[in-house]
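Engineer: this is a predicted model, with the sequence first.
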Amino acid sequence: MTPTVPEGRTGRARFAVLALLGSIVVPLVAAGLASVLWLLAGMAGLALVAVGVWWTLAHTGALRVLGVILSVAAPVAVLVLYAVYGLLWPALLSLALWVLAVTAARTALSAAHPAPGRSGQAVAEGPHAPWVLMNPRSGGGKVGRFRLVQKARAAGCRVVLLEGRQDVTGLARQAVAEGADLLAVAGGDGTQALVAEVAAHHDVPFVVIPAGTRNHFALDLGLDRDDPAAALEALTDAVEFRVDLGYAADRVFVNNASFGTYASIVTDPAYRDAKARTALHALPGLLAGEDAPRLRARADATHVDGLQALLVSNNPYGRAVDAARPGRRERLDSGLLGVVGVRVDSTAQAARLARGPRSGGLVRLSAVEVVVEAGTDRLPVGIDGEHVVLSSPVVCRVEPGALRVRVPRRRASASRVSGTAADWPGVARLALGRPAPGRTAAAG
């Protein structure tokens with residue numbers, strides 16, 4: 001019996017195909033075959049923007065000023081050129097249709113296979129001795145602003161406030177030794193990772209309370225970062241699932257470990273109080289100086305060298321320019337590390353970045369193990385935003401399903417949209433009502 005495709009997925013696939021055709025037809029109607037020239041003009045503008053950004057980051061003085069001007073002037077010039085020849089609105093409409101097409105295509109395909117574990121299993125019984133570590137300084141004082149201490153204690157939690165440079169891992173281990181059957185953290189991702197490691201080691205549930213500045217881990221779990229108190233519902237009405245943990249040597253990360261340029265910048269004590277100014281001061285030497293770091297990496301069987309920056313993530317990130325989920329992870333239980341590397345040595349290479357992964361300057365991979373080295377005995381690493389120095393080479397690995405995470409049953413659910421290129425043949429099959437190969441029908 002041929003499996004059927006739910007109407008919801010079929011409708012999204014048909015919309016994606018129609019939007020894609022529309023993005024092609026609109027410029028053809030407006031400019032005919034000359035639309036190819038206008039496309040090339042747009043791509044040239046993107047290349048000039050990439051050059052401008054490179055000059056801004058990798059140089060100082062007049063060339064940096066010129067880079068800022070070029071970064072702004074290039075896209076403005078392209079838009080003015082389109083407007084003069086009456087092609088601005090067709091170009092914008094075509095771009096909007098293309099974004100809608102890609103978003104609908106990825107939605108239609110991802111609906112065919114919900115991420116394993118994301119739905120979770122309902123928790124029949126709440127914890128008897130929950131323990132919560134709270135950092136009152138995180139997120140500009142979210143702990144106090146949202147009255148998290150009082151609300152957690154009212155929910156039956158033992159609350160410990162983080163003061164100064166306390167041993168976070170030691171506090172969590174002591175809590176488990178004293179009978180805690182659930183560990184939770186209200187703080188940044190770096191603190192989350194330290195407690196998550198203890199929770200994984202003892203196989204006790206872990207709850208994320210997004211009280212930090214960014215809290216990317218909470219975002220990918222579908223939690224509302226603007227309402228951290230809502231995460232406390234995981235103590236009474238929760239679902240539980242397992243997610244992976246990443247390791248850089250013996251250090252756990254829930255988000256990523258960064259090497260090279262960014263890791264070197266965060267070593268500067270001034271970075272915490274003046275991030276932009278410190279980065280702009282350090283980047284020229286790190287990107288184009290004689291002592292600029294050059295990393296070598298082996299991702300499973302793939303070897304890459306000459307990298308200035310490398311990001312190894314706990315599960316792959318989507319594309320930064322993905323309209324549906326910019327810089328987000330589709331899932332946290334794939335059993336894979338994401339690898340993103342950058343290598344740009346010249347203005348010409350910077351211009352080619354406009355071509356994306358095909359430029360050679362941007363590396364995107366997935367791997368079970370990543371080995372990083374730079375010809376030195378020690379490597380600075382940014383682990384979930386915290387600076388550490390590790391012995392080289394650094395072996396990064398993923399521990400599948402290591403962490404039991406509990407989240408509220410009712411939460412801001414993150415849509416599962418793939419960060420990879422849309423599979424247009426698969427979308428076309430779905431539009432015709434045929435299931436894509438290797439996928440089973442799911443509720444639409």
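Structural biologist: On my side now, so go ahead.
Engineer: in the stretch 51-200 of the chain, which spans are strands?
Structural biologist: Ranges of strands in the stretch 51-200 of the chain, per DSSP state E, counting those that start in this stretch, are 121-122, 130-134, 158-161, 182-187.
Engineer: would you format these as CSV with distance to residue 389, mean pLDDT and mean neighbour count included?
Structural biologist: C-beta: built from backbone N, CA, C; applies to glycine. Below are these laid out as CSV (distance: least, Cβ to Cβ, whole Å; pLDDT from 0 to 100; neighbours: other Cβ atoms under 10 Å):
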stretch, distance to residue 389, mean pLDDT, mean neighbour count
strand 121-122, 40, 72, 10
strand 130-134, 25, 96, 25
strand 158-161, 28, 95, 16
strand 182-187, 23, 94, 28
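Engineer: select, out of the ones you listed, the one closest to residue 403.
Structural biologist: strand 182-187 (10.3 Å; Cβ to Cβ).
Engineer: does residue 407 lie in a helix or a strand, and which?
Structural biologist: Using DSSP states H and E, residue 407 sits within strand 394-408.
Engineer: in the next helix or strand after that strand, what's buried?
Structural biologist: The C-terminal neighbour of strand 394-408 among helices and strands, as given by DSSP H and E, is helix 424-431. Residues 424, 426-431 are the ones in helix 424-431 that count as buried (16 or more other Cβ atoms under 10 Å).
Engineer: may I have helix 424-431 exported as PDB, CA atoms only?
Structural biologist: The C-alpha coordinates for helix 424-431 follow below in PDB (Å, rounded to 0.1, in the frame of the first residue of the first chain):
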ATOM      1  CA  TRP A 424      13.800  20.600  -4.200                       C
ATOM      2  CA  PRO A 425      13.300  17.100  -5.800                       C
ATOM      3  CA  GLY A 426      11.800  16.000  -2.500                       C
ATOM      4  CA  VAL A 427       9.700  19.100  -2.300                       C
ATOM      5  CA  ALA A 428       8.400  18.500  -5.800                       C
ATOM      6  CA  ARG A 429       7.400  14.900  -4.900                       C
ATOM      7  CA  LEU A 430       5.600  16.100  -1.800                       C
ATOM      8  CA  ALA A 431       3.800  18.700  -3.900                       C
END
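Engineer: quick one: contacts for residue 252?
Structural biologist: 193-194, 196-197, 200, 245-246 (Cβ atoms under 8 Å, 6 or more residues apart in numbering).
Engineer: who does the helix or strand bottoming out on mean pLDDT in the chain pair up with?
Structural biologist: Taking mean pLDDT, DSSP states H and E as the measure, the chain has strand 121-122 as its least confident helix or strand, at a mean of 72. Strand 121-122 has the following strand partners under DSSP bridges: strand 238-248 (antiparallel).
Engineer: next, the angle strand 182-187 makes with the strand it pairs with.
Structural biologist: Calculated by axes from the mean of the first three to the mean of the last three Cα atoms, to 10 degrees, strand 238-248 forms an angle of 70 degrees with strand 182-187.
Engineer: and the angle from strand 238-248 to strand 394-408?
Structural biologist: Using the same axes, to 10 degrees: strand 238-248 against strand 394-408 is 170 degrees.
Engineer: quick check: next helix or strand after strand 238-248?
Structural biologist: Following strand 238-248 in sequence order, the next helix or strand is strand 251-253 (DSSP H and E).
Engineer: who does whatever helix or strand comes next after that following strand touch, helix- and strand-wise?
Structural biologist: Sequence-wise, the next helix or strand downstream of strand 251-253 (DSSP H and E) is strand 256-260. Applying 3 or more Cβ pairs under 8 Å, 6 or more residues apart in numbering; DSSP states H and E, one finds that strand 256-260 contacts strand 238-248, strand 309-314, strand 378-383, strand 394-408.
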